[in-house]
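A.B. asks: Let's see this in three dimensions:
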Amino acid sequence: MKVGPISKNKILIRSLIIIVLLFTCTFILIEKIVYEKMKADAIKQILLLKEITNIRISDVFVQTKLIAEQLETNNEIHEYLREVRTRKDIWSHPLYPRVLKTLRNIQAANPTIYLAWVSNEAANFCLDSSEIITDTSFAANIRPWYQPAVASREAAFSQPYYEYTTNTLAISCVKALREEGTIKGFVSVDISLDSLPPLMQNFVIGKNGKNYLLTSTGTTVFTSENPKNKELISLTNLLPYLGPLKAKEKEYEEIELNHREYYLTYQVLDINHWGIIQLIDKKEVLEPFYKTMRVILYIFLISCLLSIAILLMNIYELRIVQQKLKKEAVTDYLTGIHNRKFFFESSQNAFESAREQQRSLSLFMIDIDKFKEINDTKGHAVGDMILKKVAEEFNQAIRKDDILCRLGGDEFAVLLMDIQEEMALVIAHRILESVSQLQIDAEKGPFRFSVSIGIAFLARTDKNFEALLNRADAALYRAKNAGRNTVSF
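C.D. replies: As a prediction, the model looks like this:
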């Protein structure tokens, strides 16, 4: 089956499409696999950092609570609060300097502690590590820390409030000192909310990540967006997403805020039921994935281009081989001119074209005179040399568009289109003359040889090419009988 140029182009296009589709589908599949793997790894890392954040923030509150519990075991503080009944007793009591020193030592030993203090409701005073509050407007039972302390048998955390004298936003871990069911005073250590931002900031994940610290009532006491802001901020835009996280139905949420995608995590501190919200920029977390896929994409593009280049090279080489085989199929292996197969294919087309278009057509049939005798006496090597030589002479004598073929043995044919009979005869005699001047060197000495030519011109009576061929054969037969080295038509 003969494959035309259009079919070859279709095959090439289909092959290119298959290569592109194959690489595209493979890339998409790899992208999905790599994405899922790297996303899973990123989520694991986020959840691990979430737990670390929980532990580190919890440590601050746990340490604060432990200090408050330790204060409660101090006998001197117990005795001092039990015996101070009036404001006059505050400074005059012999334990005052020792209690004050204890409070100052606690504050100095713990950087996260803003204040350590004791309070007596009966005498209506508060003694901290820096000063005594004896203002008549001070009332322990209306301070924000009072109700949590009274309601708990353990040290209890207050909600954020502003310190009485410094107006610093803080939280207190207060322990009520009880004796026979009666509260005789309070001990407390305070954490300034100014101490939390550096700690929370350390656990912000990524450049665009955000951390929030919420009280048990849902009020924000810290946000990494503005760490110095002491005002309480309500996160109304995040709270709707916290339901499933609070219920522990999910470990994280994927949300969009301000045209940016985030992973949202939420965790509750067991010690005081405060919440930590962490927002992690999804694009930033998956940046390693994007970098990996860019590298893979470059590799795929290069591989695809190389595959296409290899395909084109193979197709080019295949075409070269096909052209070579095609040429060999119609070429005489010895002389390099067209062979019998090509002659009959092209002559049939030339005959039909000449008939339809009323063009002139001439056919030469050429034989080497006494070639069998030369082969027998001089050897086949000399015979082959003669065949090559005459083929070269024929090529030089005929026109560029004329068709020269070796039909077999010492028989040649020339097909000439659009030529007058007189010009055809001129070419035939030119062939005779050039061949007769050839000299072949053999072992027994140089010798010369000749050819005979039979010519037939296309006639209206020729119904097919065989008729023209038969007349040329007959003319060649007459030329040989006429003494050889001659032309007959």
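A.B. asks: hey, let's count contacts and neighbours off CA atoms from now on
C.D. replies: OK.
A.B. asks: And the helices in the chain?
C.D. replies: Assigned by DSSP state H, the helices in the chain fall at 5-72, 75-83, 88-92, 96-109, 146-151, 196-202, 242-246, 282-285, 287-329, 340-357, 371-378, 380-397, 421-436, 465-481.
A.B. asks: Check which helices and strands the last one is in contact with.
C.D. replies: Going back to what we said before, that points to helix 465-481. Helices and strands touching helix 465-481, as assessed by 3 or more Cα pairs under 8 Å, 6 or more residues apart in numbering; DSSP states H and E, comprise helix 340-357, strand 361-368, strand 451-457, strand 487-488.
A.B. asks: Turn those into JSON lines, columns for distance to A472, mean neighbour count and mean pLDDT.
C.D. replies: Putting those into JSON lines (distance: least, Cα to Cα, whole Å; neighbours: other Cα atoms under 10 Å; pLDDT from 0 to 100) gives the following:
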{"stretch": "helix 340-357", "distance to A472": "13", "mean neighbour count": "16", "mean pLDDT": "86"}
{"stretch": "strand 361-368", "distance to A472": "6", "mean neighbour count": "25", "mean pLDDT": "91"}
{"stretch": "strand 451-457", "distance to A472": "5", "mean neighbour count": "25", "mean pLDDT": "92"}
{"stretch": "strand 487-488", "distance to A472": "9", "mean neighbour count": "22", "mean pLDDT": "89"}
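A.B. asks: got those as TSV, with distance to R294 columns?
C.D. replies: TSV is the format used below for the helices and strands packed on helix 465-481 (distance: least, Cα to Cα, whole Å):
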stretch	distance to R294
helix 340-357	56
strand 361-368	68
strand 451-457	73
strand 487-488	79
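A.B. asks: The ones you listed: which one's closest to G383?
C.D. replies: With Cα to Cα as the criterion, G383 lies closest to strand 361-368 of the helices and strands packed on helix 465-481, at 10.2 Å.
A.B. asks: Would you give the sheet partners of that closest one, along with the direction of each?
C.D. replies: Partners of strand 361-368 in the sheet, by DSSP bridges, are strand 411-417 (antiparallel), strand 451-457 (antiparallel).
A.B. asks: now that strand: how far from the chain's centre is it?
C.D. replies: Here strand 361-368 shows a centroid-to-chain-centroid distance of 68 Å under the convention Cα atoms, centre = their mean, to the nearest Å.
A.B. asks: Could you check the angle that strand makes with helix 371-378?
C.D. replies: Strand 361-368 runs at 30 degrees relative to helix 371-378, counting by axes from the mean of the first three to the mean of the last three Cα atoms, to 10 degrees.
A.B. asks: and I57, how many residues sit next to it?
C.D. replies: 18 (other Cα atoms under 10 Å).
A.B. asks: let me fix that: I171
C.D. replies: Other residues close to I171 by other Cα under 10 Å number 22.
A.B. asks: Excluding sequence neighbours, find me the nearest residue to it.
C.D. replies: Leaving out its chain neighbours, the residue that sits closest to I171 by Cα to Cα, 6 or more residues apart in numbering is P160, at 4.8 Å.
A.B. asks: ok so, going back, could I get the strands paired with strand 361-368 as CSV with distance to D270?
C.D. replies: Formatted as CSV, the strands paired with strand 361-368 follow (distance: least, Cα to Cα, whole Å):
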stretch, distance to D270
strand 411-417, 106
strand 451-457, 115
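A.B. asks: Ok, which of those comes nearest I55?
C.D. replies: Closest among the strands paired with strand 361-368, using Cα to Cα: strand 411-417, at 100.7 Å.
A.B. asks: so that closest one versus helix 421-436, what angle?
C.D. replies: Using the same axes, to 10 degrees, strand 411-417 lies at 150 degrees relative to helix 421-436.
A.B. asks: buried stuff in stretch 445-452?
C.D. replies: Residues 449-452 are the ones in stretch 445-452 that count as buried (16 or more other Cα atoms under 10 Å).
A.B. asks: Same question for stretch 193-209.
C.D. replies: Those buried within stretch 193-209 under the rule 16+ other Cα under 10 Å are 193-194, 196-197, 200-201, 203-205, 208-209.
A.B. asks: Identify the residues contacting that stretch?
C.D. replies: For stretch 193-209, contacts defined as Cα atoms under 8 Å, 6 or more residues apart in numbering pick out 49, 53, 57, 112, 169-171, 210-211, 221-224, 227-228, 230, 278-281, 284-285.
A.B. asks: one step back: any idea which of the helices of the chain gets closest to W274?
C.D. replies: Closest approach to W274 among the helices of the chain is made by helix 5-72 (9.5 Å; Cα to Cα).
A.B. asks: Residue ranges in the chain under the pLDDT threshold?
C.D. replies: Judged by pLDDT under 70, the chain has its weakly predicted residues at 1-9, 131-137, 165, 225-236.
A.B. asks: Per the annotation, how does it divide into domains?
C.D. replies: Under the assignment automatic domain parsing, the domains of the chain span 73-194, 204-285, 340-488.
A.B. asks: can you put these in TSV and add distance to F27?
C.D. replies: As requested, these are exported to TSV (distance: least, Cα to Cα, whole Å):
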stretch	distance to F27
domain 73-194	50
domain 204-285	20
domain 340-488	51
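A.B. asks: between the ones you listed, which one is nearest to I33?
C.D. replies: domain 204-285 (16.9 Å).
A.B. asks: Just give me how far the closest one sits from the chain centre.
C.D. replies: Centroid displacement of domain 204-285 relative to its chain, using Cα atoms, centre = their mean, is 33 Å.
A.B. asks: so how far is K282 from the residue nearest the centre of the chain?
C.D. replies: With distances taken as Cα atoms, centre = their mean, the residue of the chain nearest its centroid is L297 (2.7 Å). Going from L297 to K282 by Cα to Cα, to the nearest Å gives 21 Å.
A.B. asks: Surely V268 touches Q278?
C.D. replies: No - with contact defined as Cα atoms under 8 Å, V268 does not count as touching Q278 (11.8 Å).
A.B. asks: For these two, work out which one has more neighbours and name it.
C.D. replies: Between V268 and Q278, counting by other Cα under 10 Å, Q278 is the more crowded of the two (27 against 19).
A.B. asks: Now the more buried one. Nearest residue, chain neighbours left out?
C.D. replies: With Cα to Cα, 6+ apart, the residue lying closest to Q278 is N211, at 4.6 Å.
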